[in-house]
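Asks: Model the following, please.
(3 chains)
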Amino acid sequence: MSTIKLQNLTKRFGDLVAVNNVDLNIDAGEVLCLLGPSGCGKTTTLRMVAGLEMATEGDVFLADKRVNDLTPSQRNVAMAFQFYALYPSLNVAENLAYPLHADRLSQADIDGKVREVARVLDLTDVLNRLPGRLAEGEKQRVSVGRAIIRDPNCFLFDEPLSRLDVQLREQMRGQIKEVLSGLNKATVIVTHDQLEALTMADRIAVMRDGYIEQVGTPHEVFATPSNLFVAGFIGTPQMNLMAGTFAGQRSGSLRLKTGEQEIAIPSSVPHAGLTEGGRVTIGIRPRSTELASEAGDDTLTATVDLIEPMGAETLLHLSDGDRDLRVVVDQDVMVRVGEQLHVRPRASQTHLFDQNDARIA
Amino acid sequence: MAWQSKQREIGTAGWGWAIFAGIIAFIYFFPVLWIILTAFKTNADILAVPPKFFFTPTLENFVSVFSRSYIKGQAAVDTGFDRFFFNSIFIAGTSVLLALVIGTLAAYGFSRYPLPGNDTYLFIILTTRMLPPIIVIIPIFIMFRIAGLSGTYPGIILLYTAFNLPFTIWMMKSFFDELSPDVEDAARLDGSSEKRLFFKVCFPQIIAGLAATAVFGLILTWNEFIFALLLTGVETRTVPVAMAQTIGGDIGVRWGLLAAIETLFLIPVIIVVFVLQKHLLRGVTFGTIKR
Amino acid sequence: MTAVTSDATGTPRWLTPSPRNWRLALLIAVVAIPGSIWLAPGNVAFWISFVAVSAVTLAVTINAWGRYPGPLLVAPAIALLFVMNIFPLMWSFGLSFFRFRVNRQAPPRFAGLDNYEKILTDPTVWDRLQTTALVVVFTVAIQMIVGFLLALLFEKEFPGRRVLLMLVLTPMMLSFVAVGAFFRFYYEPTFGLLSQAVRLFTGEPFILLKTPAGALAGIVFADAWMWSPFVMLLVLAGLVSVPKYLYEAAEIDRASWWRKFRTITFPYIRSLLLLALLFRTIEAFKLFDIVFLITDGGPGSSTETIAVYVFRVSFQFFRTSQSSALAYFILFIVIVLTNLYLYFARQRSQEA
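Replies: Reported below is the predicted structural model:
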């Protein structure tokens, strides 16, 4: 079985802890995205799986076998590099065939596999070209092709799409997902682009400062972020995070105070941990709101500062003095700068975090 | 942990490799080391059979480099290397300085205001440096005799300036070529004159390169032998010529003296090699290869 | 600068006295210099010529100031190189067609291509060229191999690398005279290190420079020792320019050491190896100082390289014009090699 298991994986560079006690299980056929801002340790984690970096502590298991002592070539992993790492003096066909030489296949077998991969990735026309003469998208496909041409323990992708332009990126996301779904291998994709992670991954591991903050399906990390960092990191435009205090519970709704305003959020969940006057952070996604015609118990009031049309939708920047609030409305909603709006958060899509930044509701 | 030693990151090696490299480097450096050891030996120790690795060091060789004479038997023999040291330093210093001024201007010209046939000029300039000195020296020798320049400081300084020019031009041009044109464009848009551009924008950026060029020029000039052999006189003799003549002398070669001279020269050379490792490749290929 | 007449007075512009009128200055100089050489005594003529040349230079400079910065910047360098290199070369080219000895009073006599005919049919010249070729082939081959191996040694990062590199690079910075002198010292039959080392095994003192082959080996060894670091430096530059991720990818792709070397490393150092080869060939071709100091061409003339031979012909036999012809022959070879070298150097810098 092609699985990856990481146990207490830790990497220290001198005093700096790049990766801190990471535990992860990736099943055969599963695609896991390591997502996080730059410098969060995601690439280091990937390189430790590949064997390009030595773990300071902890273990890496590939196909249930501890591989800490093995060199990258002994681990039998396939990896696509961020800068593609195409061998500049070899043409595309030779680049694709490169990983097969260790398997001691016959030339006919090699040719067959190269042709098959070239067909899948639409590289047949450029097989005789040198990497220097390829377009960026073609280079990227060659690097993917070089990874999928063999039968490794697992696939590793280091920021595979970061050097492509937006259009190509969208196209390749689908293509990679399609190719991977046909192979029953554990796959790790490192990315800083949440859209990439949300679209390609079966599960996402969000990393920050060497820690894994949350592991879950794309839906889980989006709908129920386990802490403030994940809430703020996932989703565009960014979630509105407002400091407030808990003002008590009344008739099935929580009353929260933020700045001068008070808002009621319907909730059936008991909140044992919350005491009156306790500090909370309220999280409201800009898209999980609607405009109310008049002020109510469950609305916030703010004035329009800035209007950013984004095509199908319009992003409004509102403020009520010292608090900013971003709201996405339909393109046909007409507002003017300076206008006062009443915003009603959707009841089930409002998030609450306690003073330790952990999720409450 | 134990397994960490089994594998290491690509592109690095450990102490085992360092020790191996150390042994090879020591063997390679041994002839130089022996020169240094010889410089601290007495004449008897130098000529000892078998060779002495351990001995009482003496500074007498260094003293005799700068004392004007020493007594051998009855006769006073003039060693007087202080004179040759002065000559070498004076001639090399002046000519390198001149070449640096003329060459830097030319390099800036070649780099920023390409003439028609720029590459041809540069090729001819480099060729004059690649030529065996022996083939230009015949007419220069005649020319100097007619002009009365042979054996004089101006003559040899002029010649060494020309000798250093190709090297300086190619080196400095390679440094100028590397500067980002954006900075100059920005300065030009801000209304800098061409003169200001050179002195305020380009020049500060190439001071390190200038220093490297000067140092390599000094070493090359100091080491030069054949021009000096044929075109310096008794008064203007440089160290290499004096050394060569010591070997040919009839009083028996004073190896200790030669070793002391070479050791004195080694100190700056080793410092230069250490400090300028970054520019060394460029220096030894006359600026034709940058990296 | 095309208009020749312009003034209201009708005087041609090139006759108007002005500090920037370089045409007038040139005209005066062209008249004054030969005139003074002809009419005035030597030292007066010299000073008149000097002033005239200075005036022309000044006029040209003032004229070009601010308008032709390129030519103005390179002019001093070109002028100096012309006086000290190009002009002497042209002079010796002229001399090569005459019969002339610098140690005789007799004026040069025209000889046509006699000198060239003489050197090209002279078996001694061909013999010296053979010796040179032998030295070049051996020393360059050894330098390439040793330099390459040294580069592999220093390719990786390890503790103390910089200091050890410094030790290995030092020989290259020594003077030929020092290297020549000290290898002569090491080859010395009684107290030289080599002889003593050999005596440990054979019991006999060993005189390396006694036989032609030994003398050649002695020269080649000293030169190769001195210049292998040069090759190392070039190869090392190629080795460190290989992006690390290529090695990582090859490691993931389970490539063998040889395959990695052949497909990744070698393409990066190929051009530098070629440059090193050409550069060292040019330099070894002019080998003079080391031979002069270690063997002085001996025993007999068995190690006399072409550069040493030219030196002898011009400064011991004083056959000036014949040596000029010989010099031109060498010049031709060096120009071809330099051209090749620059061609490949430029090609490499364009690829990078």
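
Asks: just checking, A:Arg66 touches A:Val60?
Replies: Yes - counting by CB atoms under 8 Å, A:Arg66 touches A:Val60, with 7.3 Å between them. Bear in mind the C-beta positions are built from the backbone N, C-alpha and C, glycine included.

Asks: who has more neighbours, those two?
Replies: Set side by side, A:Arg66 and A:Val60 give different neighbour counts by other CB atoms under 10 Å in any protein chain shown, the larger being at A:Val60 (22 against 12).

Asks: Is the more buried one in a helix, a strand, or coil?
Replies: With DSSP: H, G, I helix; E, B strand; the rest coil as the basis, the three-state label of A:Val60 is strand.

Asks: does it have beta-bridge partners, and which?
Replies: A:Leu6 (DSSP bridges).

Asks: Quick check: it touching A:Val49?
Replies: Yes - under the criterion of CB under 8 Å, A:Val60 is in contact with A:Val49, at a separation of 5.8 Å.

Asks: any common contacting residues for these two?
Replies: Residues within reach of A:Val60 and of A:Val49 at once, by CB atoms under 8 Å, 6 or more residues apart in numbering or on different chains, are A:4, A:6.

Asks: Dihedrals phi and psi, whatever residue of the stretch 151-300 of chain A ends up closest to chain C?
Replies: Among residues of the stretch 151-300 of chain A, the one nearest chain C by CB to the nearest CB turns out to be A:Leu156. It sits 8.3 Å away. Here is the backbone geometry of A:Leu156 (degrees, to the nearest 10): phi -130, psi 130.

Asks: How about the contacts made by it?
Replies: With contact set as CB under 8 Å, 6+ apart, A:Leu156 has these partners: A:46, A:49-50, A:77-80, A:147, A:187-188, A:190.

Asks: try A:Thr245
Replies: Taking CB under 8 Å, 6+ apart as the criterion, A:Thr245 is in contact with A:256-258, A:277-280.

Asks: Filter these down to the buried ones, ChimeraX style.
Replies: Typed into ChimeraX, the next command selects the buried ones out of the contacts of A:Thr245 (criterion: 16 or more other CB atoms under 10 Å in any protein chain shown):
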select /A:256,257,258,280
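
Asks: Let's see which of the contacts of A:Thr245 end up in strands.
Replies: Using DSSP state E, A:256-258, A:279-280 are the members of the contacts of A:Thr245 that sit in strands.

Asks: Would you format these as JSON lines with distance to chain C and pLDDT included?
Replies: As requested, the ones in strands among the contacts of A:Thr245 are arranged in JSON lines below (distance: CB to the nearest CB, whole Å; pLDDT from 0 to 100):
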{"residue": "A:Leu256", "distance to chain C": "50", "pLDDT": "83"}
{"residue": "A:Lys257", "distance to chain C": "53", "pLDDT": "83"}
{"residue": "A:Thr258", "distance to chain C": "49", "pLDDT": "82"}
{"residue": "A:Arg279", "distance to chain C": "47", "pLDDT": "84"}
{"residue": "A:Val280", "distance to chain C": "46", "pLDDT": "85"}
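
Asks: Put together a markdown table for these, with distance to C:Leu342 on each row.
Replies: Output for those, formatted as a markdown table (distance: CB to CB, whole Å):
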| residue | distance to C:Leu342 |
| --- | --- |
| A:Leu256 | 77 |
| A:Lys257 | 79 |
| A:Thr258 | 73 |
| A:Arg279 | 73 |
| A:Val280 | 73 |
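
Asks: Look up how far chain B lies from the residue nearest the centre of chain C.
Replies: Centrality entry for chain C: nearest residue to the mean C-alpha point is C:Glu283, 6.3 Å, by CA atoms, centre = their mean. When CB to the nearest CB, to the nearest Å is applied, the distance between C:Glu283 and chain B equals 8 Å.

Asks: Who's the closest spatial neighbour of that residue, skipping the chain neighbours?
Replies: On the basis of CB to CB, 6 or more residues apart in numbering or on different chains, the spatially nearest residue to C:Glu283 that is not a chain neighbour turns out to be C:Trp227, at 7.2 Å.

Asks: same check, this time on A:Gly137
Replies: Here the nearest residue to A:Gly137 in space, its sequence neighbours aside, is A:Leu168; by CB to CB, 6+ apart that works out to 4.7 Å.

Asks: If we go by neighbour counts, what in whatever helix or strand the one you found lives in is buried?
Replies: In this structure, A:Leu168 sits in helix A:166-181 according to DSSP states H and E. For helix A:166-181, the neighbour count (16+ other CB under 10 Å) marks A:169, A:172-173, A:175-176, A:179-180 as buried.

Asks: Stretch B:47-55 now?
Replies: Going by neighbour count (16+ other CB under 10 Å), the buried part of stretch B:47-55 is B:47, B:51.

Asks: first to last residue in it, what's the distance?
Replies: Taking CA to CA, to the nearest Å, the span from the opening residue of stretch B:47-55 to its closing residue is 13 Å.

Asks: now do stretch B:269-283
Replies: Separation of the first and last residues of stretch B:269-283 by CA to CA is 13 Å.

Asks: anything in it near chain C?
Replies: Yes - part of stretch B:269-283 sits near chain C under the criterion CB under 8 Å from any CB of the partner chain, namely B:269-270, B:272-274, B:277, B:280-281.

Asks: Would you write a PyMOL line that selects the buried entries of the residues you listed?
Replies: A single PyMOL command selects the buried members of the residues of stretch B:269-283 next to chain C (16+ other CB under 10 Å):
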select buried, chain B and resi 269+270+272+273+274+280+281
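
Asks: Helices - which of the residues of stretch B:269-283 next to chain C land there?
Replies: B:269-270, B:272-274, B:277, B:280-281 (DSSP state H).

Asks: Out of those, which two sit at the greatest distance?
Replies: Spatially, the most separated pair among those is B:Ile270 and B:Leu281, at 17.7 Å (CB to CB).

Asks: Work out for me the element B:Ala228 sits within.
Replies: Assigning secondary structure by DSSP H and E places B:Ala228 in helix B:226-231.

Asks: can you pull out the strands in chain C?
Replies: Counting by DSSP E, chain C forms strands over residues C:98-99, C:109-110, given from the N-terminal end onward.

Asks: ok, and which of those strands has the densest surroundings?
Replies: Comparing these by mean neighbour count (mean count of other CB atoms under 10 Å in any protein chain shown), strand C:98-99 ranks first with a mean of 18.

Asks: So it, near chain B or not?
Replies: No - when contact is scored as CB under 8 Å from any CB, no part of strand C:98-99 falls within range of chain B; the minimum is 12.3 Å.
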